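S.K.: Return atomic coordinates for the entry below.
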Amino acid sequence: MIFVPTKEEEKYINVLDSSTHGEFVLIRMTPTMLKKSIIDASHPLRLLLKENLGIDYKTIGKGKQKNGLNGEVELLVNGEFNTRAISYYRPETKKGDPRFCISRLHNEVQPFDMILFTVWNEKLYALPLIGDIGLFATVLKKIFYFDTKTLPLAVLEIQDMIKYLYKRGWVKTLRAGDTCVGY
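M.R.: Below is the predicted model:
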């Protein structure tokens, strides 16, 4: 499954980025994911969960009922956040690949919709990249707003330097090789 956002989905991601926000993970919903309420926990998602919420799939034994972890996720639906149950588990069958399940997700998104997962203030958020983008922006700015005026001057200076480097684009290598960045 391709998790690369479309041009339209990129607009939603840019709204989130404009709120001085950090890490996120994208997952495109498949018909099977929604029908069976089974979503594979990709490596990037597992890292996001481990680093921000302390959820480590390596410590979760096989079996959803016996060893799974239960929690909450804030799911954006029609411009409002709804708290939903989420289960993190490894199934008894197969290799026990890491999975998760969000309660009643199939009622809110369609197959092939993309969902952006992020953590803010120790809460997991699931943001479907669908619907009215203006409403999406308004809701996100209320939740993820960070007043940059309160940041120390040194942080603002570093932020400006990073933005400058980003705008310069890729640095072409002058030599061939995996480790060459420039010369």
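S.K.: Only the C-alpha atoms, please, for the least confident helix or strand in the chain by mean pLDDT, written as PDB.
M.R.: Counting by mean pLDDT, DSSP states H and E, the chain has its least confident helix or strand at helix 64-67, which shows a mean of 83. The C-alpha trace of helix 64-67 is given here as PDB (Å, rounded to 0.1, in the frame of the first residue of the first chain):
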ATOM      1  CA  LYS A  64      -5.400  -9.300  21.800                       C
ATOM      2  CA  GLN A  65      -7.600 -10.300  24.800                       C
ATOM      3  CA  LYS A  66      -4.800 -11.700  27.000                       C
ATOM      4  CA  ASN A  67      -1.900  -9.300  26.300                       C
END
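S.K.: which other helices and strands contact the helix or strand just after it?
M.R.: Next along the chain after helix 64-67, taking DSSP states H and E as the criterion, comes strand 69-77. Packing partners of strand 69-77 (3 or more Cβ pairs under 8 Å, 6 or more residues apart in numbering; DSSP states H and E): strand 80-89, strand 123-128. C-beta: built from backbone N, CA, C; applies to glycine.
S.K.: taking the mean pLDDT, what do you get for strand 69-77?
M.R.: What strand 69-77 shows for mean pLDDT is 96.
S.K.: ok so, going back, closest one to residue 15 among the helices and strands packed on strand 69-77?
M.R.: strand 123-128 (9.6 Å; Cβ to Cβ).
S.K.: neighbouring strands for that closest one, and are they parallel or not?
M.R.: strand 69-77 (parallel), strand 114-120 (antiparallel) (DSSP bridges).
S.K.: Let's have the helices and strands packed on strand 69-77 in CSV, adding mean pLDDT.
M.R.: Formatted as CSV, the helices and strands packed on strand 69-77 follow (pLDDT from 0 to 100):
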stretch, mean pLDDT
strand 80-89, 96
strand 123-128, 96
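S.K.: Let's have those in a markdown table, adding distance to residue 54 and mean neighbour count.
M.R.: Formatted as a markdown table, the helices and strands packed on strand 69-77 follow (distance: least, Cβ to Cβ, whole Å; neighbours: other Cβ atoms under 10 Å):
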| stretch | distance to residue 54 | mean neighbour count |
| --- | --- | --- |
| strand 80-89 | 11 | 17 |
| strand 123-128 | 12 | 21 |
